[in-house]
Every structure is written in C-alpha cells, then in structure tokens.
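Asker: Provided below are the primary sequence and the corresponding predicted coordinates.
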Amino acid sequence: MILSRILEHKKAELRHKQSRGYLSELKAKIQDAPGPLGFAVTLEATRTAGSPALIAEVKKASPSLGLLRPEFSERFDYLGIAKAYHAHGASALSVLTDKDFFQGSLEYLREIKQSVPMPALDKEFMVEEIQFYEARAHGADAVLLIVAALERQQLIDFYALARGLALDVLIETHHERELDIVLERLPEARLIGINNRDLKTFTTDLGVTLRLAKRIPADKLIVSESGIHQRADVMRLIEAGIHAMLIGESLIRADDVGGKIRELRGVPASSHA
C-alpha cells in the first residue's frame, strides 16, 4: 500500500532532524514570523451558493502519475503557478512539501508565502512533532492530518499542537470509521476533508464525498479532495452540501489555468469574479 510506504519513508527521513538545535532554530523563526492567515475563515468567506471555495494545489508530481507536466523536468514554476491561482480567483493554496514521493519542498511553501497574499496549507504527511514547527516556520497557515496515517491519540495530540501554533487543521478522512473517530474524538475540529482517492488502489470516486457528507454536522466546513475535473463534478459536490474543494491535477495540467478555474467555479468568461 502506497500510504504505508510513504509513512515508513517519512519517519526515516525525519530521524536526522530530531535535534534540539534544529527545533530551537525553528522556534526562533516562528517567534519572528507574522501570524498565520485564517485558512478556514477564508474558505467560509469566499464560498458562494454556486461555487465551493477553491483550494488550488501547487503540485509537481505524484507517485501514480510522475511529473504532471513534461516541462517540469526542466523547470517547475511554483511561484508562477501560485500567482496564477491568486489572479484567477482561488480562495487558498495547498503546497506539496513532501520531497521524495511528490517532488515538493518546504522552500516552495516559504517562497510562495513571501510573494502571494493567500492562506496556504502545508500538504505533507505529518508523523512527527517537528513537522508542525517546520510548517509554521515556513509560513503555513494550515496543516493536514490524515486519519489513516495516525493512531487515535496521535491525531488528538497533533491537532492540539497545531492549534497551539495558531495553525488551522484540515483533517482528512476516507471512510465512515475515520469520520466517526474525528466527530467523536475531536468535536471541536472545524475543517473536515473527504479524500475521494482510494489509498490502496489510488483510483478516485466522488461517491465517497457524497456518502460521507451526509454524516457531517452543519457547523463543519467540508472539503472534498481529489477526482474533481470538470464543472459537472463541482455541481455534484454543491448538491451534497460541500463548502470547499481541493483541486490539483486538473488545474496543473490545464493549458489555460484562468479558464479552468472559471469553468470549475461556474464563472462566465467575461467575469473575473
């Protein structure tokens, strides 16, 4: 299973970072850094009846597809991509920071946050406390917690750690059991993600969102992730009561990013809203 392979690798990768000196360095950076932007508040403020808020993903590669565009082998213009998302009406950013499986980087996140005035999610597999300090020190406004990747107590502890660092938390679920854990153990969690991608087969099915959304209380912000490619997909999500959508591949692969965002959001070509 790809997830367990990633998690195993991630823990090994982080072992050499577990030093007091490195943690002190990160804490010093955090002390001097501006406070995070409100990720959840922004999603709430920018969603409309006809369009869930758009979290646009800065993504170079994936384990199943490799590089998302051939030219990324020469140059990955992460800043240009983030600026295009901002210019064309995305609500927030998701930045892949996993190096070995997604060819991401914390430096991408840091540079994007210095240049683009939007809240950003650090899209990473969080398995150690040090990663939360890294995320905050590099400018993240939110972090991702994947229920399938964590023990129950870890999930609770990591949520508290993130909130203590003023980071919003997107908690990702894949099926009913995971969702029930979140609702029972973290009733205060505001942002609940539903990943439509099967972590064993890597196939996507929007039916996962349609099924799980029915179980989520009205005071939560629901984010549908993966497998959203066209306006018809978005319409299905709207009918299911989704508040935000996280989209990567279909935006990265589009020849006209602005046109693709307008299509997904249902905005006429003449409008820049």
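Answerer: It's in. Residues are numbered from 1 along each chain as shown.

Asker: Run through the helices of this structure in chain order.
Answerer: 2-15, 20-32, 39-46, 78-87, 106-115, 130-137, 152-164, 176-185, 207-213, 231-239, 249-252, 257-265 (DSSP state H).

Asker: Distance-wise, check S94 relative to F39.
Answerer: Per Cβ to Cβ, to the nearest Å, S94 is found 10 Å from F39. To be clear about C-beta, it is placed using only N, CA and C from the backbone, and glycine gets the same treatment.

Asker: shared neighbours, the two?
Answerer: Shared between the contact lists of S94 and F39 (criterion: Cβ atoms under 8 Å, 6 or more residues apart in numbering) are residues A120, L121.

Asker: one step back: compare the helices of the chain and say which comes out lowest on pLDDT.
Answerer: Per-segment mean pLDDT for the helices of the chain reaches its minimum on helix 2-15, at a mean of 90.

Asker: For S94 and F39, indicate the residue with more neighbours.
Answerer: It is F39, of S94 and F39, that has more neighbours when counted by other Cβ atoms under 10 Å, with 29 against 26.

Asker: okay but that one is in contact with D122, surely?
Answerer: No - at 10.4 Å, F39 and D122 do not qualify as touching, with contact defined as Cβ atoms under 8 Å.

Asker: shared neighbours of the two, anything?
Answerer: By the contact definition Cβ under 8 Å, 6+ apart, F39 and D122 are jointly contacted by A142.

Asker: Let me know which of the helices of the chain is the nearest to E225.
Answerer: With Cβ to Cβ as the criterion, E225 lies closest to helix 207-213 of the helices of the chain, at 8.4 Å.

Asker: what's in contact with the closest one?
Answerer: Defining contact as Cβ under 8 Å, 6+ apart, one finds that helix 207-213 is touched by 173-176, 179, 194-196, 222, 224, 236-237, 240-242.

Asker: next one: stretch 93-111
Answerer: 6, 9-10, 13, 55-63, 67, 72, 76, 78-79, 82, 85-86, 112, 116, 118-125, 134-135, 138-140, 246, 248.

Asker: Stretch 146-161 too?
Answerer: The set of residues that contact stretch 146-161 without belonging to it, under Cβ under 8 Å, 6+ apart, is 3, 7, 125-127, 129, 132, 145, 169, 171-174, 178, 181-182, 185-186, 189, 195, 199.

Asker: buried residues in it?
Answerer: Buried residues in stretch 146-161, defined by neighbour count with 16 or more other Cβ atoms under 10 Å: I146, V147, A148, A149, L150, L155, F158, Y159, L161.

Asker: go on, stretch 86-103?
Answerer: Taking 16+ other Cβ under 10 Å as the basis for neighbour counts, the residues of stretch 86-103 that come out buried are 86, 88-98, 101-103.

Asker: What's the end-to-end length of it?
Answerer: Distance between the two ends of stretch 86-103: 22 Å, counting by Cα to Cα, to the nearest Å.

Asker: Show me how far it is from its chain's centre.
Answerer: The gap between the average C-alpha position of stretch 86-103 and the chain average comes to 7 Å, counting by Cα atoms, centre = their mean, to the nearest Å.

Asker: now that we have the contacts of helix 207-213, which one has the most neighbours?
Answerer: S224 leads the contacts of helix 207-213 on contacts (other Cβ under 10 Å) with 29 neighbours.
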